[in-house]
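Chemist: sequence first, predicted model second:
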Amino acid sequence: MTKAATDPRLKLLDAALPHVPFDGWTEVTFKAAIDESGVDPTVARAVCPRGAVDLAVAYHRQGDAAMLAALKSENLEDLRFRDRVARAVRLRLEQVQDKELVRRGTTLFALPQYAPDGAKLIWETCDAIWNALGDTSEDVNWYTKRATLGGVYSSTVLYWLGDDSEGHVRTWAFLDRRVDNVMQIEKLKAQVNQSPTLSKLMAGPNWLLSHIKAPSRFPKGDLPGSWTAPRD
């Protein structure tokens with residue numbers, strides 16, 4: 001038996017998806033999902049306390065999982081690293097079957113009360129991409145890589161939502177330009193580090209940055225914004 005057949009959240013999500021393009025990630029959609037999925041209303045409210053908002057979160061994470069599965073079947077060895085990043089972002093978008101599901105989610109997570117959820121989901125996507133590509137950074141670069149990719153990913157999603165070109169060729173060209181912009185920033189950082197004068201000017205900031213460490217990869221889920229109290 002598949003996980004979707006036993007996990008009440010996934011059963012609710014499957015039932016909700018046909019309604020989202022018309023009613024959005026709303027209470028109307030959530031009630032319809034309960035009625036059509038056969039999930040007990042009490043269980044539904046237990047696994048999704050915020051109703052359709054929690055289903056929207058589950059939908060995004062389901063897309064991340066599909067992207068990671070697709071990446072495993074890709075041969076990236078002959079690609080430049082910047083092309084591997086671009087390919088991962090493209091694969092993430094290619095997992096979407098209906099743009100309206102993402103459009104409705106973008107509208108939802110633009111609301112002030114849900115903006116933190118949206119930011120966290122983007123961070124999770126970028127973290128998943130970097131981890132899948134073998135990132136091992138443990139210093140401030142752990143943060144800057146994910147933050148920079150977050151900007152690339154977010155802007156590409158917005159462009160993609162309005163792109164009606166065949167095969168989304170304009171979106172992929174836009175994505176390549178954004179990745180190239182990031183590469184230019186990395187080149188500038190390298191030039192600063194190689195310049196004796198600029199290195200002296202940056203000595204203080206670099207000293208401070210050297211004390212920033214990536215969050216522990218254990219326990220799982222130890223991401224920025226979360227903290228686990230030490231045990232006695």
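Modeler: On my side now, so go ahead. Residues are numbered from 1 along each chain as shown.
Chemist: now the strands for this protein?
Modeler: Under the criterion DSSP state E, the chain contains no strands.
Chemist: okay, now the unreliable bits of it?
Modeler: 1-5, 185-212, 216-232 (pLDDT under 70).
Chemist: P8: neighbour count?
Modeler: 17 (other C-beta atoms under 10 Å). Bear in mind the C-beta positions are built from the backbone N, C-alpha and C, glycine included.
Chemist: contacts only, for it.
Modeler: 37, 39, 43-44, 47 (C-beta atoms under 8 Å, 6 or more residues apart in numbering).
Chemist: residue nearest the centroid of this structure?
Modeler: With distances taken as C-alpha atoms, centre = their mean, T125 lies nearest the centre of the chain, 2.3 Å away.
Chemist: check the burial of the residue nearest to it when sequence neighbours are not counted by counting its neighbours.
Modeler: The shortest distance from T125 to any non-neighbouring residue, by C-beta to C-beta, 6 or more residues apart in numbering, is to D64 (5.4 Å). Around D64 there are 19 other residues, counting by other C-beta under 10 Å.
Chemist: same check on V47?
Modeler: Neighbour tally, V47, other C-beta under 10 Å: 16.
Chemist: over to D180?
Modeler: 11.
Chemist: can you pull the contacts of it?
Modeler: Counting by C-beta under 8 Å, 6+ apart, D180 has contacts R82.
Chemist: do that again at 10 Å, thanks
Modeler: 82, 86 (C-beta atoms under 10 Å, 6 or more residues apart in numbering).
Chemist: what about it, distance to G63?
Modeler: Remark: distance between D180 and G63 (C-beta to C-beta, to the nearest Å) = 25 Å.
Chemist: same deal with S165?
Modeler: 22 Å.
Chemist: look at those two and report which has more neighbours.
Modeler: Taking other C-beta under 10 Å, S165 and G63 do not tie; G63 has more neighbours (21 against 10).
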